[in-house]
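Student: can you look at this prediction? I've put the sequence above it.
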Amino acid sequence: MNESIKRWLSLCLVVAAVTFTVGACSSSTTTSSTISPTTVTTATTESFSGSLVQNGADVYPFTVKQDGSSLLVGFTSITPASDTLGVGIGAWDATTATCGLNQSQNDAAKAGNTALSGTASLGNYCARVYDTGNLPDGQTVTFTLQVQHY
């Protein structure tokens, strides 16, 4: 065999080996990512107004529709302004129309401040406004309570 033919065959073998090796290392797998649309919900703000007398209480049910959402509760007004009221958050039982104050409560809430804040799971809740013993006999206190949730 001629020397130039040997070189040519050797070169062909080297090229074939390199091509095979590079081909074995490459991947034909393609990855794709799917972007799922997210549901954007806006906060729901509910206002509840009422009045209390000494040892009185009112209950206001509401529903949280997004799991793990923030929950803010506070009075936008209490008249007379010098009074404090209690406010609590609990589980609402629609069957018995009862509010179990088992989540959180504040016995000295004032108007203009966040009385309670936290994270709520999906479900039915209630806000209970009550006199903690601060209201004098014969006095009526009016209030507006605001509950913000998703």
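Tutor: Now that the structure is in, tell me what you want to look at.
Student: after the worst-scoring helix or strand of the chain on mean pLDDT, heading C-terminal, what element do we hit next?
Tutor: Every helix and strand in the chain was compared by mean pLDDT, DSSP states H and E; the lowest is helix 3-25, with a mean of 41. Remark: after helix 3-25, the chain's next helix or strand is strand 44-52, criterion DSSP states H and E.
Student: and the residue lying closest to Gln66 once chain neighbours are set aside, what is it in contact with?
Tutor: Nearest residue to Gln66, sequence neighbours excluded (CB to CB, 6 or more residues apart in numbering): Tyr150, at 4.0 Å. Heads up, the C-betas are built off the backbone N, CA and C, glycines and all. Shown in contact with Tyr150 (CB atoms under 8 Å, 6 or more residues apart in numbering): 41-44, 64-66, 69-70.
Student: any of those residues buried? List them.
Tutor: Buried members of the contacts of Tyr150, scored by 16 or more other CB atoms under 10 Å, are 64, 69.
Student: give me the buried positions along the helix or strand that contains Tyr60.
Tutor: Counting by DSSP H and E, the element that carries Tyr60 is strand 57-64. Neighbour-count burial for strand 57-64, counted by 16+ other CB under 10 Å, picks out 58-60, 62, 64.
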